[in-house]
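>>> need a structure here:
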Amino acid sequence: MTSFAGTGVLLRFSLRRDRLMIPVWVGVNALMVLSMPNTLKNLYGTPADRADLIHQVATNASFRALIGPVFDTSIGALTAWRVGVYAGLLTAAMSLVIVVRHTRDEEESGRQELVASGAVGRRASLTAALLAAGVANAALALLVAAGLAGQGAVGALAFGLGLAAVGMVFATMAAIVAQLTESARLARGLTAGVLGAAFVLRAAGDAATDDGSSALTWLSPLGWLENLRPYAGERWWVLPLFAAAVALQAGVAYELAGRRDVGMSFLPTRPGPASGRLGSAGALAWRLQRGSVLGWSIAFFVVGVVYGGLTDGVTDLVGKNENARKIFERMGGQRGLTDAFLASMVGMMGLVAALYIVSSVLRLYGEETSGRAEPVLANAVGRLRWACGHLAVAFGGAVLIMLLTGLGFVIGYGKAAGPILGACLVQVAAVWVIGGVAVLLYGVVPRAATAAWGVAGAVLLIGWVGPALDAPRVVLDLSPFGHLPKLPGGGMEWGPVALLTVLTVVLVGAGLAGLRRRDMTT
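All right, here's what the predicted structure looks like:
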């Protein structure tokens with residue numbers, strides 16, 4: 001039997017398990033990219049408008065750090081500039097989630113041991129995971145290339161291939177980390193940390209130069225994507241850099257996979273006893289999730305400082321472009337451009353916070369399916385007490401990260417402390433609703449618990465793309481964030497906040513009731 005025996009069967013099984021997750025990731029990312037050309041045509045319809053934009057970006061290091069440099073005035077080039085970095089981030093996140101899910105997650109749950117007992121090669125699972133990531137990235141590349149072909153087929157192909165290449169770099173990186181760590185959560189965290197470092201390196205490099213030539217930019221795969229330069233004299237020689245990185249990392253992952261036993265790792269878990277008090281379910285939940293809360297908190301605080309620092313320059317960037325002004329006002333309200341920008345950025349941070357709360361709530365599902373919840377519940381700890389410990393971290397953590405976001409905005413902007421902090425805390429009501437949906441799915445239909453990611457992704461898409469496309473009010477109202485008052489600048493409305501809070505209580509109560517009545521996963 002070869003070390004790759006059974007790969008085809010495992011690939012089909014992986015794609016079947018991800019038949020909802022992969023289309024959601026790919027669809028959200030593709031729609032974000034494909035919606036941008038029409039938006040940019042409305043915003044910058046004349047060559048003069050586009051030339052002025054390029055000048056503003058070239059002279060504003062902060063915006064280059066966030067989005068990257070612009071290389072050409074065509075709509076295709078502006079599309080690659082506006083969404084390239086963030087589409088690359090989403091593609092990388094999708095790829096690392098897929099690979100860790102089908103490697104370390106399977107080993108941690110014990111399912112991989114059962115699979116390995118059959119006629120399956122020792123490298124078949126890793127190969128199937130990488131192929132599943134490859135299928136997802138190929139689908140995204142095809143959608144992007146086909147959708148942007150109207151702006152130029154060559155540039156569309158370059159952009160689609162670039163996104164897929166970024167995804168595969170992080171897929172193979174996740175494959176290495178999955179061999180090194182014994183915990184799937186740690187594997188995801190470490191790979192996400194590398195992704196964050198890649199973003200920081202690219203941002204620092206782009207802030208220093210306006211043409212992507214900084215050495216720091218070239219240290220990041222996201223910098224390779226922008227230096228591929230779709231629609232701006234494509235640099236096809238950048239693609240071999242991606243191919244070399246993928247081949248090298250895949251080779252390391254395969255070598256490591258062949259040298260360890262199933263369930264083991266090269267970085268073993270630190271032995272106990274655990275430090276500190278673990279006398280309650282809440283204390284255990286905090287210990288399990290404190291690293292995640294700390295990471296999200298630091299990231300939100302830093303982003304708040306950066307966005308706050310950009311606020312004074314937003315008027316110069318938008319200039320006299322009424323269409324851009326209208327988009328900010330649709331996202332953030334009608335009270336002046338500065339307030340509208342602050343409100344739109346605060347709202348965007350709230351949308352991202354929904355991803356945190358889904359991740360934190362679904363830790364319950366991970367603890368249950370991995371078998372770690374069983375010894376806890378075997379003692380004098382009821383299901384509701386165990387669940388409430390994790391939910392306290394999830395819902396309280398959402399308050400903490402939004403509060404730190406507000407503090408970051410205040411430090412970066414240097415004024416309007418009260419209104420900005422209030423605007424950030426108002427977002428918590430909508431974030432809690434998404435968390436309530438996750439609790440309901442986990443408690444009532446645990447096999448569909450991961451669909452909460454789809455809900456969070458849909459809400460993120462509505463909040464991000466909807467205002468740019470001038471979506472109908474009925475579409476925007478599908479998101480709980482669409483019912484919040486636009487702060488700062490607008491008037492405070494307690495009614496919608498109270499209703500969203502009550503809805504959260506109902507969703508969480510129904511989810512806990514379902515958890516109490518159903519059988520635990522075995």
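
>>> so what's residue 222 up against?
Contacts for residue 222 (Cβ atoms under 8 Å, 6 or more residues apart in numbering) come out as 85, 88-89, 166, 198-199, 202. Any C-beta I mention is one placed from the backbone N, CA and C, and that applies to glycine too.

>>> and residue 505, by the same measure?
Residue 505 neighbours (Cβ under 8 Å, 6+ apart): residue 436.

>>> and what of residue 508?
By Cβ under 8 Å, 6+ apart, the residues touching residue 508 are 391, 435-436, 439-440.

>>> what stretches of the stretch 401-522 of the chain score poorly on pLDDT?
Applying pLDDT under 70 to the stretch 401-522 of the chain flags the ranges 416, 465-471, 490, 521-522.

>>> mind listing the helices in it by residue range?
417-444, 451-465, 473-476, 494-517 (DSSP state H, counting those that start in this stretch).

>>> ok so, going back, tell me the one among the contacts of residue 508 nearest to residue 413.
Taking Cβ to Cβ as the measure, residue 435 is the one of the contacts of residue 508 closest to residue 413, at 28.2 Å.

>>> so the closest residue to the closest one other than its chain neighbours, which state does it fall into?
Closest residue to residue 435 apart from its sequence neighbours, by Cβ to Cβ, 6 or more residues apart in numbering: residue 357 at 3.9 Å. With DSSP: H, G, I helix; E, B strand; the rest coil as the basis, residue 357 sits in helix.

>>> run a quick neighbour tally on residue 224.
Around residue 224 there are 25 other residues, counting by other Cβ atoms under 10 Å.

>>> I'd guessed it sits against residue 243; true?
No. With contacts counted by Cβ atoms under 8 Å, residue 224 stays clear of residue 243, the gap being 11.0 Å.

>>> that older thread, could you check how far the residue nearest to residue 435 is from residue 436?
Separation of residue 357 from residue 436 (Cβ to Cβ, to the nearest Å): 9 Å.

>>> what of residue 361?
9 Å.

>>> check whether residue 204 sits in a helix, strand or coil.
helix.

>>> so what's it up against?
65, 214, 216.

>>> so which of the residues you listed are in strands?
Among the contacts of residue 204, no member falls in strands (criterion: DSSP state E).

>>> just the closest of the residues you listed to residue 476, please.
residue 65 (29.5 Å).

>>> if I pick the closest one, what's in contact with it?
Applying Cβ under 8 Å, 6+ apart, the residues near residue 65 are 203-204, 206-207, 306.

>>> and the residues you listed, which are buried?
203, 206-207, 306 (16 or more other Cβ atoms under 10 Å).

>>> now those residues in JSON lines, with pLDDT and distance to residue 496?
Formatted as JSON lines, these follow (pLDDT from 0 to 100; distance: Cβ to Cβ, whole Å):
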{"residue": "203", "pLDDT": "83", "distance to residue 496": "35"}
{"residue": "206", "pLDDT": "83", "distance to residue 496": "39"}
{"residue": "207", "pLDDT": "80", "distance to residue 496": "38"}
{"residue": "306", "pLDDT": "77", "distance to residue 496": "29"}
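
>>> which of those sit farthest apart?
Counting by Cβ to Cβ, the most remote pair of these is 206 and 306, 13.0 Å apart.

>>> so where do the strands sit in the stretch 51-200 of the chain?
In the stretch 51-200 of the chain, no strands are defined using DSSP state E, counting those that start in this stretch.

>>> quick check: residue 476 vs residue 61, distance?
Residue 476 sits 33 Å away from residue 61, taking Cβ to Cβ as the criterion.

>>> compare these two and say which is more crowded by neighbours.
For residue 476 versus residue 61, neighbours defined as other Cβ under 10 Å are more numerous around residue 476 (18 against 15).

>>> residue 340 versus the more buried one, what's the distance?
Applying Cβ to Cβ, the value for residue 476 to residue 340 is 16 Å.

>>> what's around the nearest residue to residue 15 once chain neighbours are set aside, how many residues?
Spatial nearest neighbour of residue 15, excluding adjacent residues (Cβ to Cβ, 6+ apart): residue 132 at 5.9 Å. Using other Cβ under 10 Å, residue 132 has 25 neighbouring residues.

>>> now swap in residue 366 and tell me
Residue 366 has 18 neighbours, counted by other Cβ under 10 Å.

>>> equivalent analysis for the one 5 residues further on, please.
A count of nearby residues for residue 371, using other Cβ under 10 Å, gives 14.

>>> mind listing what's buried in stretch 8-21?
10-11, 14-15, 18, 21.

>>> what lies in contact with that stretch?
Applying Cβ under 8 Å, 6+ apart, the set of residues contacting stretch 8-21 is 22, 97-98, 101-102, 115, 120, 124-125, 127-129, 131-132, 135-136, 450-451, 453-454.

>>> buried ones from those residues, can you make that a PyMOL selection?
Applying 16+ other Cβ under 10 Å to those, the buried members can be selected in PyMOL as follows:
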select buried, resi 22+97+98+101+102+115+120+124+125+127+128+129+131+132+135+136+450+451+453+454
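
>>> which of the contacts of stretch 8-21 fall within helices?
If you go by DSSP state H, the contacts of stretch 8-21 have 22, 97-98, 101-102, 115, 124-125, 127-129, 131-132, 135-136, 451, 453-454 in helices.

>>> which stretches of the stretch 1-150 of the chain form helices?
Under DSSP H, counting those that start in this stretch, the stretch 1-150 of the chain gives helices at 7-17, 21-34, 36-43, 47-58, 61-67, 75-102, 104-109, 111-116, 124-147.

>>> can I get these in JSON lines with distance to residue 286 and mean pLDDT?
As requested, these are exported to JSON lines (distance: least, Cβ to Cβ, whole Å; pLDDT from 0 to 100):
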{"stretch": "helix 7-17", "distance to residue 286": "31", "mean pLDDT": "84"}
{"stretch": "helix 21-34", "distance to residue 286": "28", "mean pLDDT": "87"}
{"stretch": "helix 36-43", "distance to residue 286": "41", "mean pLDDT": "80"}
{"stretch": "helix 47-58", "distance to residue 286": "43", "mean pLDDT": "75"}
{"stretch": "helix 61-67", "distance to residue 286": "33", "mean pLDDT": "74"}
{"stretch": "helix 75-102", "distance to residue 286": "23", "mean pLDDT": "89"}
{"stretch": "helix 104-109", "distance to residue 286": "21", "mean pLDDT": "75"}
{"stretch": "helix 111-116", "distance to residue 286": "28", "mean pLDDT": "66"}
{"stretch": "helix 124-147", "distance to residue 286": "31", "mean pLDDT": "92"}
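
>>> which one, of those, ends up nearest to residue 515?
Across the helices of the stretch 1-150 of the chain, closest to residue 515 is helix 104-109 (Cβ to Cβ), at 19.4 Å.

>>> for the closest one, output the C-alpha coordinates as PDB.
What follows is helix 104-109, C-alpha atoms only, in PDB (Å, rounded to 0.1, in the frame of the first residue of the first chain):
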ATOM      1  CA  ARG A 104      -5.400  18.200  13.100                       C
ATOM      2  CA  ASP A 105      -9.100  18.600  13.900                       C
ATOM      3  CA  GLU A 106      -9.600  15.000  12.700                       C
ATOM      4  CA  GLU A 107      -6.800  13.700  14.800                       C
ATOM      5  CA  GLU A 108      -7.900  15.600  17.900                       C
ATOM      6  CA  SER A 109     -11.400  14.200  17.600                       C
END
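
>>> list the buried residues of stretch 359-373.
Neighbour-count burial for stretch 359-373 [16+ other Cβ under 10 Å]: 359-370, 373.

>>> let me have the residues you listed in JSON lines, extended by distance to residue 36, pLDDT and secondary structure.
Listed next are the buried residues of stretch 359-373 as JSON lines, based on distance: Cβ to Cβ, whole Å; pLDDT from 0 to 100; DSSP: H, G, I helix; E, B strand; the rest coil:
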{"residue": "359", "distance to residue 36": "27", "pLDDT": "87", "secondary structure": "helix"}
{"residue": "360", "distance to residue 36": "31", "pLDDT": "90", "secondary structure": "helix"}
{"residue": "361", "distance to residue 36": "32", "pLDDT": "92", "secondary structure": "helix"}
{"residue": "362", "distance to residue 36": "31", "pLDDT": "88", "secondary structure": "coil"}
{"residue": "363", "distance to residue 36": "34", "pLDDT": "86", "secondary structure": "helix"}
{"residue": "364", "distance to residue 36": "37", "pLDDT": "88", "secondary structure": "helix"}
{"residue": "365", "distance to residue 36": "34", "pLDDT": "86", "secondary structure": "helix"}
{"residue": "366", "distance to residue 36": "35", "pLDDT": "81", "secondary structure": "helix"}
{"residue": "367", "distance to residue 36": "40", "pLDDT": "83", "secondary structure": "helix"}
{"residue": "368", "distance to residue 36": "40", "pLDDT": "82", "secondary structure": "helix"}
{"residue": "369", "distance to residue 36": "38", "pLDDT": "78", "secondary structure": "helix"}
{"residue": "370", "distance to residue 36": "40", "pLDDT": "73", "secondary structure": "coil"}
{"residue": "373", "distance to residue 36": "43", "pLDDT": "77", "secondary structure": "helix"}
